[in-house]
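Colleague: What follows is a protein structure lacking sequence information:
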């Protein structure tokens with residue numbers, strides 16, 4: 001197979017001059033249904049669009065250019081607005097846009113990035129990036145294979161979203177609307193402080209990071225959309241193993257900073273090598289019967305957790321004593337057992353899909369460089385299937 005060396009400028013058409021930045025105050029006056037993109041994705045929705053069609057967005061600035069916790073390039077379709085923090089391009093007939101997007105996200109771009117306090121990938125530096133490209137038809141075949149992984153990941157994520165809605169609907173039916181009891185809370189149920197239902201409510205540790213360690217510390221970035229993304233966690237060297245090492249069923253609540261404070265997720269993974277940093281509060285149910293009840297209760301309280309914050313702007317914190325004092329319904333043991341029998345299989349399925357997605361990402365990322373170097377061909381994958 002013949003590979004051709006071409007620069008990014010050789011294979012793309014740039015539309016940066018059409019970008020228009022809007023301040024937060026301007027956007028506030030123009031709220032609508034069209035996506036407003038920044039360097040790393042959608043940051044708002046406004047009442048108009050600039051671009052209509054399929055384009056690739058590449059982060060122009062931001063710490064993620066160096067840390068690479070997220071992809072720097074993404075393909076977007078439809079109608080949307082783009083500010084001046086993301087380059088916007090199309091590919092010409094020398095390249096497949098999906099292939100180039102995968103390639104960019106797999107490359108080390110450090111030498112093309114300027115600035116330390118505010119890393120930047122300028123248009124001229126971006127255009128100077130050199131690719132070794134196979135024929136465009138081969139690019140399309142490789143992109144098709146990689147896209148198949150992403151479609152499966154997206155499908156699993158969609159199923160998990162629906163499973164989460166089902167679990168939350170059951171909780172509301174039983175413990176908010178009391179529908180199985182004709183809309184009335186049973187007399188033998190009580191209201192009790194959250195602290196009395198938990199064996200631990202405590203913030204995490206101050207980690208000593210070590211990316212070679214098998215001990216994992218979860219941070220606030222890991223908790224989003226009521227799930228825990230372990231790919232964003234980091235290794236660390238523990239001073240000692242203690243009660244703050246996570247157990248199955250622990251609820252994790254982001255407890256500092258604006259925007260992230262209040263986000264909650266439940267730790268439902270195997271393994272005894274996980275903990276959280278001091279910006280997250282661990283809420284540990286005191287019995288097996290309470291695991292899924294407190295888990296679903298917490299997922300419905302994110303806005304309430306956020307409203308309990310104290311401190312000045314930029315220094316907000318969720319006080320542990322306020323969290324402990326929150327009142328919660330305490331059903332009888334039989335009801336809790338019956339509820340767990342219904343909800344646990346739903347939650348287990350969610351975890352299974354999340355684990356499958358992690359495996360798919362690992363496989364995709366492992367074969368990507370081999371496909372793009374020509375070491376592995378599409379026919380090899382087809383034969384393996």
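Modeller: Happy to help now that I have it. Just so you know, these numbers come straight off a predicted model, no measurement behind them.
Colleague: can you list the weak-confidence ranges in this structure?
Modeller: By pLDDT under 70, the weakly predicted segments of the chain are 313-314, 379-385.
Colleague: quick one, domains of it?
Modeller: Here the domain parsing of the chain from automatic domain parsing is 4-132, 190-330.
Colleague: can you put these in a markdown table and add mean neighbour count and distance to residue 150?
Modeller: For the C-beta atoms, the positions are set from N, CA and C on the backbone; glycine is no exception. Formatted as a markdown table, those follow (neighbours: other Cβ atoms under 10 Å; distance: least, Cβ to Cβ, whole Å):
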| stretch | mean neighbour count | distance to residue 150 |
| --- | --- | --- |
| domain 4-132 | 16 | 9 |
| domain 190-330 | 17 | 15 |
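Colleague: Let me have those in CSV, extended by distance to residue 357.
Modeller: As requested, those are exported to CSV (distance: least, Cβ to Cβ, whole Å):
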stretch, distance to residue 357
domain 4-132, 15
domain 190-330, 10
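Colleague: closest to residue 355 out of those?
Modeller: Checking those against residue 355 by Cβ to Cβ gives domain 190-330 as the closest, at 8.1 Å.
Colleague: Report the distance from the closest one to the chain centre.
Modeller: Distance of domain 190-330 from the chain centroid (Cα atoms, centre = their mean, to the nearest Å) equals 16 Å.
Colleague: Now do it: distance from first to last residue.
Modeller: One end of domain 190-330 sits 5 Å from the other (Cα to Cα, to the nearest Å).
Colleague: Kindly report the same for stretch 36-44.
Modeller: This stretch, stretch 36-44, spans 5 Å end to end (Cα to Cα).
Colleague: next one: stretch 68-82
Modeller: 21 Å.
Colleague: Which one of the domains of the chain lies nearest to residue 366?
Modeller: Closest approach to residue 366 among those (Cβ to Cβ): domain 4-132, 10.9 Å.
Colleague: State the phi and psi torsions of residue 233.
Modeller: phi -80, psi 170 (degrees, to the nearest 10).
Colleague: Quick check: it touching residue 218?
Modeller: Yes - counting by Cβ atoms under 8 Å, residue 233 does reach residue 218; the two are 4.9 Å apart.
Colleague: What residues of the helix or strand where residue 150 lies count as buried?
Modeller: Following DSSP states H and E, one finds residue 150 within helix 136-175. Of all the residues in helix 136-175, those buried under the rule 16 or more other Cβ atoms under 10 Å are 136, 138-139, 141-143, 145-147, 149, 153, 156, 160, 163-164, 167, 170-171, 174-175.
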